[in-house]
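Engineer: can't give you the sequence, but here's the structure:
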Ligand SMILES: C[S@@+](CC[C@H](N)C(=O)[O-])C[C@H]1O[C@@H](n2cnc3c(N)ncnc32)[C@H](O)[C@@H]1O
């Protein structure tokens, strides 16, 4: 894949067909992430995947995936799929709009292929009937889409009554966000390949490259206050709405640095 394919084009189809604009942005976003994950070798990626649920953002109960049918919406390289399969999920379905993300997820989870299904599809139009999944997981995806609330409603639609949803989005405020948005001002001036070259000079760690390229070049990067996301759940009558702690939460670095931090919620869809 050429690096230039990952760069958002100027004057994106904003005045044209909204569905095409939605798709174009999702495909560009997917191409950027696929490119980044292609840089991780097997050991680096496995560490990245394990760290996710075990260290950075642990789930309250590691047994919740056992025997469950799970949707990982915006599965990326399949790191969460892997953790959920490890934890005994009966089946994990991953969807993503990046072709390279689909192949990353399949390739990196070959050993679990019997319990994994991966599809090129959008979180804004999930190709499954209502009430299909026991658990829906969507980590760092909605805030990169053209319509996060529509995405949320799609995830609620495919979740069974009584099922659990886990959603993570970037929080608003703090010095880090200020720095990221300042850096994003340069993304049209500095081609991605130059930044990538610089990243390789300053660090050998692909997690550092990931963080810089992701923050600077992803076409859409929305941020939220915790109360806004809590409201999404309340509007759909969810029960047991819990904000989960994480290595990136406001608790770890202070509000001045990370604002509302990495906002990850778990909640139960009301069964009626
Ligand atoms: C920051 S990455 C997170 C990936 C994964 N959830 C993880 O935690 O490793 C964002 C992912 O969302 C995907 N994405 C963006 N817009 C999407 C959409 N409309 N539908 C499905 N996936 C989308 C991107 O392709 C990318 O893989």
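Structural biologist: Everything's here; your move. This structure is a prediction, so every number in the text was calculated from the model and none was measured.
Engineer: can you name the next helix or strand after the one helix or strand residue 230 maps to?
Structural biologist: If you go by DSSP states H and E, residue 230 is part of helix 226-235. Once the chain leaves helix 226-235, the next helix or strand it forms, by DSSP H and E, is strand 239-244.
Engineer: any low-confidence regions in the stretch 151-272 of the chain?
Structural biologist: 247-252 (pLDDT under 70).
Engineer: how about the strands in it?
Structural biologist: Secondary structure of the stretch 151-272 of the chain by DSSP state E, counting those that start in this stretch: the strands cover 159-170, 239-244, 262-268.
Engineer: angle of the last one against helix 226-235?
Structural biologist: Here the directions of strand 262-268 and helix 226-235 differ by 20 degrees (axes from the mean of the first three to the mean of the last three Cα atoms, to 10 degrees).
Engineer: my guess is residue 129 contacts residue 158, does it?
Structural biologist: Yes - with contact defined as Cβ atoms under 8 Å, residue 129 and residue 158 form a contacting pair (7.4 Å). The way it works is simple: take the backbone N, C-alpha and C, and place the C-beta from them, glycine included.
Engineer: those two: which has the busier surroundings?
Structural biologist: residue 158 (20 against 8; other Cβ atoms under 10 Å).
Engineer: ok, that one to residue 110 distance?
Structural biologist: 26 Å (Cβ to Cβ, to the nearest Å).
Engineer: with residue 24 instead?
Structural biologist: 31 Å.
Engineer: those two - which one has more neighbours?
Structural biologist: residue 24 (18 against 8).
Engineer: returning to what we had before: so which of the strands of the stretch 151-272 of the chain is nearest the ligand?
Structural biologist: Ranking the strands of the stretch 151-272 of the chain by proximity to the ligand (Cβ to the nearest ligand atom) places strand 159-170 first, at 7.6 Å.
Engineer: in the stretch 151-272 of the chain, which residue sits nearest the ligand?
Structural biologist: Closest point on the stretch 151-272 of the chain to the ligand, by Cβ to the nearest ligand atom, is residue 214, at 6.1 Å.
Engineer: that residue: what's it in contact with?
Structural biologist: 32, 33, 36 (Cβ atoms under 8 Å, 6 or more residues apart in numbering).
Engineer: and of those, the nearest to the ligand?
Structural biologist: Ranked by distance to the ligand (Cβ to the nearest ligand atom), the contacts of residue 214 are led by residue 33 at 4.1 Å.
Engineer: picking up where we left off before, and which of the contacts of residue 214 is nearest to residue 168?
Structural biologist: residue 33 (15.1 Å; Cβ to Cβ).
Engineer: which bits of the stretch 51-200 of the chain sit near the ligand?
Structural biologist: Residues of the stretch 51-200 of the chain lying close to the ligand (Cβ under 6 Å from any ligand atom) are 74-77, 79-80, 95-98, 101, 122-124, 139-141, 144-145.
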